[in-house]
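# turn this into a model:
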Amino acid sequence: MRPLAIYAVLFALLISCQPKVNAELKPPNVVLIYIDDMGYADIGPFGGNPALTPHLNQMAAEGRKFTNFYVSQAVCSASRASLLTGCYNVRLGILGALGPNSNQGIHPDEMTLGELCQQKGYATACFGKWHLGHHHQFLPQQNGFDEYFGLPYSNDMWPFHPEVRHLPMEQRLKHWPHLPLIDGNDVVTSKVTDTEQTQLTTWYTERAVSFIDRNAEKPFFLYVPHSMVHVPLYVSERFKGKSGAGLFGDVVMEVDWSVGQILQALKRNNLDANTLVIFTSDNGPWLSYGDHAGSAGNLREGKGTMFDGGCRVPCLMRWPGRIPSNTVCNDAAMTIDVLPTIAKLINAGLPQHPIDGRDIWPLMANEVDTKSPQEAYYFYWGNELHALRSGPWKLHFAHAYRSLNGKPGGKEGVPAKYENLTIEQSLFNLEDDPGEKQNVAGQHSEVVKQLITLANQARSELGDGKQHGSGVRKAGTVAKGK
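Purely as a prediction, here's the structure:
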C-alpha cells in the first residue's frame, strides 16, 4: 500500500475507535427500581407466572438473579433508610413506617445515594414513594435529588383505609389525613382519590422515561420506588382485567410494563452498555391481605417479620457487558451493600461516619472464587435483634411475631387478622431448609455459639431493645405542628 493510503486507513481506524473509548471513560448511569411489598415469588424469574412479567424475564436473561438478597427490616421506612444510606436502619434511628403524624425523617447529616452521586456531577431523580419523612426538610430535593414526584408515604395512609372506612369522614380524618401528591417540594394534589391512584404507576414511569431522555448525555441516578404493589391496589385502564390473575396480577403486569418502558428508554438512547439497572423490593408480601397480596413462595411468613418471607426479596441486576447475562448469585447480599458498591463504581467518596454495607461488585460481576464480603447480616424488628445470617446458617433468638398461622388472608382489600406467636432460639440451615422449618440448634451447638458471639458484637454497636448501641445515631426531627 502507498504511504498515503496506509495513513488514511490508520486514521479511519482511530476515528472508529474513539466513541468506544469515550463510552468506557463515561461514568456509569444507575437506575434503581424499588417495588413496594412485592413477594419473593411474585415475578417469573423467581417462580411467579412468567406470562405476567415478560420484561423482568428478559432482564433476568440479560443480567444476574440474586436468590439470597435481603432488606434490613421488612417494613417501609426502615427498609428505604437502609437502601439509601448503606446503614442498618437501627443505626439511623428510623424504625417501622413513618406516618403523616410523625415528626421524624432522615437526618440531614446522613448521606443518601442521591448525594453520593451528586458528588460526581450526576443528575438525580426520585419518582415514587419516598417515606423518609414528609416535612420539607426530609423530602428528596433536600436530600440529594434534583427532581421528585410522588407520594410522601404509603398509599394506604389516607382516610379510605379499611380500618376507618366505616366511620364518617370527619372521624376518619382524625386517624388518617388526606393523602398528598408532591411535585418537587410542592403539593400539587392535596386530596389524592381513586383517580390519581390508578395513574401512579403510569405517571412515575413517564417521569422516569423523560428523565432518561433529558439526561442521556450526562451521568444520572434514577430512583423509582413504586407505590404498587402495596395495598390499596390500583391499576390503569390499560391493564385492568388483562392478567387473568385478578387485580394483583393486573398490578404486577403494569409494574413489569414500567420496567420495560425504562429499559426501552435506555436502549433508545444507546445507554444500555453504560447503565446499571437494579430491580428489587422493599420487603415481602403483606399476607393478611390475601388475594390482594403477593407470595413468598416456600419462604416462611411475610412482611412484618424477619423470617425470610419478610426480608428476602427478588432482585435482578443488569449491565450488558459488565454483569454476565443469564447468571445466578446464590451468595447472601443486602440493600445496605448497594451504596458502597455504587460509590466504588463511580469513584465517589463514602461518608465520614460509619456505614454497614460493603462493596459487592465482585458478586455482581461473577468474579471467580468470590464470596459475600459480610461475615453476617443482622435482622432487627423495631430495635430488637430477631435473627442473623452467616453463610447458610440463620439463627433466630426467642421473639414474638405475627402470623396467619395457616389461615387464609383477607379478600378484596380487607385484611385478615394476624395471631401473635413466639419462636424459641432456633437455628436453620437455609441451603437445606429455606422455609425455616427444622430447628437444628441441638445438632450444631458450636455454630450457635459462634453466631451468638457475632450477635453480641452487633448488640454492642447497634443495640438490642433496652440495650443502647454505641454506634446508633439520631433520626432527623422537626418540632410538632410545623
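
# may I have the secondary structure class of residue 198?
The three-state label for residue 198, taken from DSSP: H, G, I helix; E, B strand; the rest coil, comes out as helix.

# hang on, it packs against residue 234?
Yes - here residue 198 reaches residue 234: they are 4.6 Å apart, a contact under Cβ atoms under 8 Å. C-beta here means a position set from N, CA and C on the backbone, and glycine is covered the same way.

# quick one: the strands in the stretch 1-150 of the chain, in order.
Along the stretch 1-150 of the chain, the stretches classed as strands by DSSP state E, counting those that start in this stretch are 29-35, 64-70, 104-105, 123-127, 147-150.

# A strand includes residue 350, no?
No - when classified by three-state DSSP, residue 350 is found to be coil rather than part of a strand.

# and it, what does it touch?
86, 111, 116, 339, 340, 343 (Cβ atoms under 8 Å, 6 or more residues apart in numbering).

# from the residues you listed, pick the one nearest residue 213.
The shortest gap between residue 213 and any of these belongs to residue 116, at 23.7 Å (Cβ to Cβ).

# count of residues packed around the closest one?
As a burial measure, the neighbour count of residue 116 was computed by other Cβ atoms under 10 Å and equals 26.

# residue 265 now?
Neighbour count for residue 265, taken as other Cβ under 10 Å: 20.

# now it: which helix or strand?
Of the helices and strands defined by DSSP states H and E, residue 265 is found in helix 246-268.

# kindly report the same for residue 276.
In this structure, residue 276 sits in strand 275-281 according to DSSP H and E.

# contacts for that strand next, please.
Residues from elsewhere that reach strand 275-281 (Cβ under 8 Å, 6+ apart): 28-39, 56, 59, 63, 69, 71, 259, 262-263, 266, 313-319, 322-323, 335, 338, 342, 345.

# quick check: mean pLDDT across it?
Strand 275-281 shows a mean pLDDT of 99 in the predicted model.

# so residue 117 is in contact with residue 346, correct?
Yes - in this structure, residue 117 sits in contact with residue 346. The criterion is Cβ under 8 Å, and the distance is 6.7 Å.

# re the thing from before, how about a markdown table for the strands of the stretch 1-150 of the chain, with mean neighbour count and distance to residue 96 added?
Written out in a markdown table, the entries for these read as follows (neighbours: other Cβ atoms under 10 Å; distance: least, Cβ to Cβ, whole Å):
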| stretch | mean neighbour count | distance to residue 96 |
| --- | --- | --- |
| strand 29-35 | 25 | 18 |
| strand 64-70 | 22 | 18 |
| strand 104-105 | 24 | 10 |
| strand 123-127 | 26 | 21 |
| strand 147-150 | 22 | 20 |
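
# out of those strands, which comes closest to residue 444?
Of the strands of the stretch 1-150 of the chain, nearest to residue 444 by Cβ to Cβ is strand 64-70, at 19.5 Å.

# SS state for the nearest residue to residue 194 once chain neighbours are set aside?
Nearest residue to residue 194 in three dimensions, chain neighbours excluded: residue 234, at 7.0 Å (Cβ to Cβ, 6 or more residues apart in numbering). With three-state DSSP as the basis, the three-state label of residue 234 is coil.

# ok, now the one 4 residues further on?
In terms of secondary structure, residue 238 is coil; the call rests on three-state DSSP.

# repeat for residue 401
At residue 401, secondary structure determined by three-state DSSP is strand.

# what's the neighbour count on residue 152?
Using other Cβ under 10 Å, residue 152 has 24 other residues around it.

# wait, is it part of a strand?
No - read with three-state DSSP, residue 152 is coil and lies in no strand.

# that one and residue 180 touch, don't they?
Yes - here residue 152 reaches residue 180: they are 6.5 Å apart, a contact under Cβ under 8 Å.

# can you tell me which residues contact the residue nearest to residue 194?
Residue 234 is in contact with 155, 194, 197, 198, 200, 228, 251, counting by Cβ under 8 Å, 6+ apart.

# so for the first one, what's the nearest residue that isn't a sequence neighbour?
Meaning residue 155. Once flanking residues are discounted, residue 155 sits nearest to residue 227: 4.7 Å by Cβ to Cβ, 6+ apart.

# again with residue 68
In this structure, residue 68 finds its nearest non-sequential neighbour in residue 332, 4.5 Å apart by Cβ to Cβ, 6+ apart.

# residue 287 too?
Sequence neighbours aside, residue 302 is the residue nearest to residue 287 in space, at 4.0 Å (criterion: Cβ to Cβ, 6+ apart).

# tally of neighbours for that neighbour?
30.

# for it, helix, strand, or coil?
Under three-state DSSP, the three-state class of residue 302 is coil.

# wait, doesn't it sit right on residue 293?
Yes - under the criterion of Cβ under 8 Å, residue 302 makes contact with residue 293 at 7.4 Å.

# overlap in contacts, those two.
Common neighbours of residue 302 and residue 293 (criterion: Cβ under 8 Å, 6+ apart): 39, 285, 286, 287.

# give me the pLDDT for the residue lying closest to residue 349 once chain neighbours are set aside.
In space, not counting the residues next to it along the chain, residue 349 is nearest to residue 119; the distance is 6.3 Å by Cβ to Cβ, 6+ apart. Reading off the confidence values, residue 119 has pLDDT 96.

# what does residue 1 give?
As summarised for this prediction, residue 1 has a pLDDT of 47.
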